[in-house]
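[1] here is a sequence together with a model predicted from it:
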Protein chains: 6
Amino acid sequence: MNPLWLEDTLRRALQEDLGRGDVTSEALLPEGLIAEARIVSRSRGVLAGSRAAAQVFRLLDPDTEYQFLVDDGGCLAPGQSLALLKGKARALLGGERVALNLLQRLSGIATATSLAVEAVAGSGLRVLDTRKTTPGLRALEKEAVRAGGGVNHRFGLDDAVLIKDNHLCLCGGPARAVALARQSVGPLMKIEVEAETLAQVEEALAASADVIMLDNMPLDQIRRAVSLVAGRCLLEASGNLKPEDLPALAEAGVDFVSLGWLTHSAPPLDLSMRMTPLDTNLEAP
Amino acid sequence: MNPLWLEDTLRRALQEDLGRGDVTSEALLPEGLIAEARIVSRSRGVLAGSRAAAQVFRLLDPDTEYQFLVDDGGCLAPGQSLALLKGKARALLGGERVALNLLQRLSGIATATSLAVEAVAGSGLRVLDTRKTTPGLRALEKEAVRAGGGVNHRFGLDDAVLIKDNHLCLCGGPARAVALARQSVGPLMKIEVEAETLAQVEEALAASADVIMLDNMPLDQIRRAVSLVAGRCLLEASGNLKPEDLPALAEAGVDFVSLGWLTHSAPPLDLSMRMTPLDTNLEAP
Amino acid sequence: MNPLWLEDTLRRALQEDLGRGDVTSEALLPEGLIAEARIVSRSRGVLAGSRAAAQVFRLLDPDTEYQFLVDDGGCLAPGQSLALLKGKARALLGGERVALNLLQRLSGIATATSLAVEAVAGSGLRVLDTRKTTPGLRALEKEAVRAGGGVNHRFGLDDAVLIKDNHLCLCGGPARAVALARQSVGPLMKIEVEAETLAQVEEALAASADVIMLDNMPLDQIRRAVSLVAGRCLLEASGNLKPEDLPALAEAGVDFVSLGWLTHSAPPLDLSMRMTPLDTNLEAP
Amino acid sequence: MNPLWLEDTLRRALQEDLGRGDVTSEALLPEGLIAEARIVSRSRGVLAGSRAAAQVFRLLDPDTEYQFLVDDGGCLAPGQSLALLKGKARALLGGERVALNLLQRLSGIATATSLAVEAVAGSGLRVLDTRKTTPGLRALEKEAVRAGGGVNHRFGLDDAVLIKDNHLCLCGGPARAVALARQSVGPLMKIEVEAETLAQVEEALAASADVIMLDNMPLDQIRRAVSLVAGRCLLEASGNLKPEDLPALAEAGVDFVSLGWLTHSAPPLDLSMRMTPLDTNLEAP
Amino acid sequence: MNPLWLEDTLRRALQEDLGRGDVTSEALLPEGLIAEARIVSRSRGVLAGSRAAAQVFRLLDPDTEYQFLVDDGGCLAPGQSLALLKGKARALLGGERVALNLLQRLSGIATATSLAVEAVAGSGLRVLDTRKTTPGLRALEKEAVRAGGGVNHRFGLDDAVLIKDNHLCLCGGPARAVALARQSVGPLMKIEVEAETLAQVEEALAASADVIMLDNMPLDQIRRAVSLVAGRCLLEASGNLKPEDLPALAEAGVDFVSLGWLTHSAPPLDLSMRMTPLDTNLEAP
Amino acid sequence: MNPLWLEDTLRRALQEDLGRGDVTSEALLPEGLIAEARIVSRSRGVLAGSRAAAQVFRLLDPDTEYQFLVDDGGCLAPGQSLALLKGKARALLGGERVALNLLQRLSGIATATSLAVEAVAGSGLRVLDTRKTTPGLRALEKEAVRAGGGVNHRFGLDDAVLIKDNHLCLCGGPARAVALARQSVGPLMKIEVEAETLAQVEEALAASADVIMLDNMPLDQIRRAVSLVAGRCLLEASGNLKPEDLPALAEAGVDFVSLGWLTHSAPPLDLSMRMTPLDTNLEAP
């Protein structure tokens, strides 16, 4: 995680929620009022996003104390507190919604990922994310996938070549496409090709693709692709795969499975923040 | 929708995905290659986000043609095309993922909202969103709620006073809190107070709150709150309400119901972009 | 006040004045030279902007000490010091002009507001600002109005509906306009309508506007509008009103008066910063 | 005027006023509704800021037509129209306040400057601004001074050396200070020194300052400074000078007079925008 | 090349040079004056950066015509014109220095790269850049390397794993390091390890590194590394290699050579811009 | 040096290199691992950029200790350490390349400048830079020139008038051009004119230019220009001058010589960073 990107992203999220300022807290609470709070989970899941959440509050007041009770990747039970906070009440309330929105979404992703990972535990199959992420939050969401035990597919259009059906229809078949790409990129960039048929798998293999994506292939074809490739390149299964499909995929012997729903449809974890005053000072602000 | 905010948000989303540039398209496709594409829905739902999607492609190439086949708020059937595009293949492929990620999420929100709105059709109950939105995308998500027939709760911490339990525990009861707020804000800002008991409803009403949020109240208490208030202020029901709860709420006579899952848990609509080449030119770039 | 917005605004103000750097101080003063300064008022008035001023210096050197001798909203007499500073001479001189430009303007606004507020002291009439603020400084200027005892009208085009003559001429009369607006916005947004005649006041009242702005109305009409409305909505008087008009307005019984000159024409308070060296070190930098 | 800076400044001003969008126009007016408007002066003065105003509207809709009826520096009579606009009603209303706030302030500065310039017409005395400008708007305000016939003092801390009393008290007298500065800066940067006594004028002159600022000097001392210097460097009079002081200053023979009130206290010109619909279409948006 | 990144980079470069505006052109030239110019090379080399240069002028005036006489990667002879321009004289002069500074630097890099590429023409050895680029200009400099016939090493710390001596000293030898990395990253990210000895080469090979960097190895060791590896992974030679070293390296059989001086020390190409007026209008601006 | 500009520039440089994060260090090193490093010179030269380098590391981790062993402007011998660092290993490795890229380039500029300055030591000739700097880094490069003993020409198009051949061809000869400029700018801005012939020198002198640039003049003409001007304005020699030309120029008596190669072609100083672990902790991150 690039710390400068993170700070910039959190500043923008806070600006969005704060706008011209928190009128409620400014009206009701003295500026210096100190309070304590805890963030509590209402459901079972895997935590992610805790460093981002801590920084949200510190951006509003650098003196806010944020004590991590659970680390990213750790399990949460219903009712369990994941963090204790102490600081200016205005900063705690000003950051509450942004911090919870992030934690809930990211922990939801980590939880979904960990379920997928468990479904293939013991096999060599590894669980990948996709680029179907929330615009603006990709790096955090990909970190949440790692917190849940998954690994990351490429981060953007720039860090690996991925030749999809739309490219193939525009530039010719896999052989020509991989050759053009190999000539254009350097030694540190991988080339993946999408294949929908075994013939395309063979062509991509012959063209020395680094990874072949088996897109929407039936299980028996996937098995035959695995035999055909025989370890000469990596194989990724893709295309609307559900958790219950994963064990069979693992058995079929592909190396990776990519799952869009990890990031676009994971149910958020239900969290809340509860405050308690420290001061007994109730004067108007 | 503020057009300057929208442009800025889309630029950041494109930067996130493009990074240092689309290595695949630059390797495979000539710079000037023109192509056509259509965006197709694979499921049933309500469209939202189409102007944002069109602008995504125009930011990469201002000459991209984007023809809207369905307007925001319109219904989509499986297999239905919602837009036709024509322009540089590199710009179409460079914007594809960002445009789809936005359209899928926002149409999912509009679809979920329209289901909630239908559930109370004919009653006076109106469906509200919350601040449980995706950090960075709130204005687009609130617009999607409107496309689905809902209305918007406040946009941030700055455009209305909302006194919640965390405030009440820090600054005293509803009476004192509303009085402090009324003194602090001007005539164009409303004041809402959260109430968990009928006693709090009475206190908030006496303090002349503009809106009272009935938080996690059982239905019979909600009914009694409605009689008690008798139209003297607006009433909003809130707290983990499901679609099946809405008709009874409507009958109980509250004015508004706010639903966090409209924005944090709506399943994305399944959309895809399909390209066809215009040129027969297949030379290397 | 959103602290992230404030920091960003002050950074830009410093960038504007510093450009590529303060050539005079870099030429004349050793980098580490520590100095003391005080900010002194040359006239009588009400202070505003002091937290912004303190932050200006801290942005240039976080170790600058800035001691507030008077708080925002406090009175200043000629010759009175409002702050003591101690820190790197280069940071003090680098921030001087930006800090004074802000303090002078904002204290001028607070002073003008306090004079208007005093003119109606004891009545129920409250003094409002407008959107006739300095582009880029609205949040600070609205805070200065509060420091002077006023309250804030809406902050921008987004936090309340205000239907003015230009809207009415485009979309029909008050009745239709308020109905359209009520249908479009949620329960936490108020609707104000401009009225120039009693007939318009009646129409707006019938349409359930939350606030009616009596624009450029003669005093006797204002009185009749007050009787007509009889507390059923808030009334705001507006339109080139001078301090000497305020007592009569207060007597007439309107709830609010909005005054553009609070922010666009308030004379700046005359302030200066005076430095004294701490070190006797006069070596070249 | 740097066009990139101008665009950036106007975008920020629009963001400040638009926030999350213009709720009134979005509720009342169809998106495509075209309207006409004119900007009219209610008082006598000199125009400035017209290009900025035109760009404000074009940033919201590039197709807005903005016809200049008067150029910057031209005179305005009460009731005179200075610009005709035609475009989307939403864009005209969305930009109205920002454009007027800028035009009023900048024309006020141009008007004040032209009065000062007229007061010394025929003499060689030239009217200068200062750095007492509005944070964020300096380049526009300095352009307004030129529109009114004035010339610009330095633009920031970086484009000229100006040794003031605060520097002198920290680094020794004028001789040492000018020598240090001369050694530090290149051949394209001028050096000005503040002098409060004739002895300091002599010392600064001996040190080969390019410009000497006579700060708060009585008129007879100014006359003696002029004789003493005898054209060997430029002389600037400064310090709370009023319009009525200018003719005597001109006669005394100083080259320049700098006036802080041109930018910090010029009364804004009273302008308004009046719209007329083009379409007869009054359907709901 | 990401077009949004490019625009942002060029805006910043123009802001740096323009500051508060081009005082010379504003003083001397009427705003509407149209002129023609040509950009001419004074030396022999390979062109790069031409699209960036064209955009520099269009950012100042979108109507500027910029005709490319030579494409990136094309050869320039002394005295040869590479572009014709026509547009507002102020825009041409305002963009001149930024455009030339970019073109000179980038063409220098393309020229240096093409000399290195020619030195190994006919062999399989390919020429790589490094991360020793100018802060802020990496994407443009890496594009210039491609224009000169080279290929790109990784673009940043994020798009490939490169385990260098500093990592090895902190985390153990190549075997452990590659294993840790493989476990952490996904299938689309390559792993390169630096090796200074043949033992390290063997260890990295055993750990299945994708690429091994032979750092500062003598030629005979490089030859032995090539035999040892025998095509099982890619080999990159690195470390202060000069053009005259390249043919022997090519013969030794490594796949890639990376050269820091392509970007940090390439002599800039000597270019200039020459203007001619179109109008005969010489009035003052 | 404007500290806010510097921070912004360094943040952008780090963003460029870090992208979405340092995958190597995140894979190999525990987050809290502390290490030490030193930056060592491999060649002889003059240091510049050390404060920027220190801040690079502090932006990634504010607790990084950076001990300056040599100050800017100090001499470096081969093998000499210029800084000691201690902090999180991830922050040291994350900032390494950006810090070295800056230090190498800036120290190269300081070194080249100091050689030019030595070549004219004892004479009154002073060495100037130009605007032929790296886009985005001008303020740092101009500071490096000062570290090497040079002085700065203007910083941009806005802080001095420089009338070049392209202006003269568009607006008439030096006399008219200087007069127009003098009328337009204030007393704190200098005016320089380029002259290629003695006739132009005479014309510029008569027009009271502050500085005359002798562009590409042969040495004998330069000598005659010096006699002609006789100290009545400053003279700058310019145009592809090499170090060996400088002593003769100094003798000819011009005041300044400007050298583009100080910034566009200075060979970078060869520096490296060497790390040592502090902890013996080698656990996986």
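    Right, received. Where do you want to start?
[2] ranges for the strands of the stretch 151-285 of chain A?
    A:161-163, A:191-195, A:211-215, A:234-238, A:256-258, A:271-277 (DSSP state E, counting those that start in this stretch).
[3] quick check: residues of chain A near chain C?
    Selection of chain A residues close to chain C by Cβ under 8 Å from any Cβ of the partner chain yields A:R11, A:L14, A:Q15, A:L18, A:G19, A:R20, A:G21, A:D22, A:E26, A:L59, A:L60. Where C-beta positions appear, they are placed from N, C-alpha and C, glycine not excepted.
[4] one more pass at 6 Å, please.
    Within reach of chain C by Cβ under 6 Å from any Cβ of the partner chain, chain A has these residues: A:R11, A:L14, A:Q15, A:L18, A:R20, A:G21.
[5] quick one, what contacts the spatially closest residue to A:A175 that is not a sequence neighbour?
    In this structure, A:A175 finds its nearest non-sequential neighbour in A:A207, 4.7 Å apart by Cβ to Cβ, 6 or more residues apart in numbering or on different chains. Going by Cβ atoms under 6 Å, 6 or more residues apart in numbering or on different chains, A:A207 touches A:P174, A:A175, A:V178.
[6] tell me how many other residues crowd the last one.
    Using other Cβ atoms under 10 Å in any protein chain shown, A:V178 has 25 neighbouring residues.
[7] what's the spacing between the residue nearest to it when sequence neighbours are not counted and B:I212?
    Nearest residue to A:V178 in three dimensions, chain neighbours excluded: A:A207, at 3.6 Å (Cβ to Cβ, 6+ apart). From A:A207 across to B:I212, the span is 67 Å (Cβ to Cβ, to the nearest Å).
[8] quick check: beta-bridge partners of A:L85?
    A:A37, A:Y66 (DSSP bridges).
[9] what about it, neighbour count?
    23.
[10] cool, A:L6 as well?
    Neighbour number of A:L6 under other Cβ under 10 Å is 17.
[11] so after whichever helix or strand it is part of, what's the next helix or strand?
    Here A:L6, judged by DSSP states H and E, is contained in helix A:3-18. Sequence order places helix A:23-28 as the next helix or strand after helix A:3-18, per DSSP H and E.
[12] is that following helix anywhere near chain D?
    No - if you take Cβ under 6 Å from any Cβ as the test, helix A:23-28 misses chain D, and the best it gets is 13.5 Å.
[13] hmm, who's touching that helix?
    Contacts for helix A:23-28 (Cβ under 6 Å, 6+ apart): A:R90, A:L93, B:D158, B:V161, B:L162, B:H167, B:C171, B:A177, B:L180, B:A181, B:S184.
[14] so which of those residues is the most crowded?
    In these, the most neighbours by other Cβ under 10 Å go to B:V161, 31 neighbours.
[15] around the nearest residue to A:R182 once chain neighbours are set aside, how many other residues sit close by?
    Closest residue to A:R182 apart from its sequence neighbours, by Cβ to Cβ, 6+ apart: A:I191 at 6.5 Å. A:I191 is flanked by 28 other residues according to other Cβ under 10 Å.
[16] and A:I191, what does it touch?
    Contacts of A:I191 (Cβ under 6 Å, 6+ apart): A:V161, A:V178, A:A181, A:A209, A:D210.
[17] can you rerun that using 8 Å?
    A:A160, A:V161, A:I163, A:V178, A:A181, A:R182, A:V185, A:A209, A:D210, A:V211 (Cβ atoms under 8 Å, 6 or more residues apart in numbering or on different chains).
[18] what's the closest of these to F:C233?
    The shortest approach to F:C233 among those belongs to A:V185, at 57.2 Å (Cβ to Cβ).
[19] let me know the pLDDT of that closest one.
    Per-residue pLDDT puts A:V185 at 94.
[20] quick one: it from B:P218, how far?
    62 Å.
[21] any stretches of chain A with poor pLDDT?
    Applying pLDDT under 70 to chain A flags the ranges A:279-285.
[22] where along it do the helices fall?
    In chain A, the segments counted as helices under DSSP state H are A:3-18, A:23-28, A:50-60, A:89-119, A:138-147, A:165-171, A:174-184, A:198-206, A:219-229, A:246-252, A:261-264.
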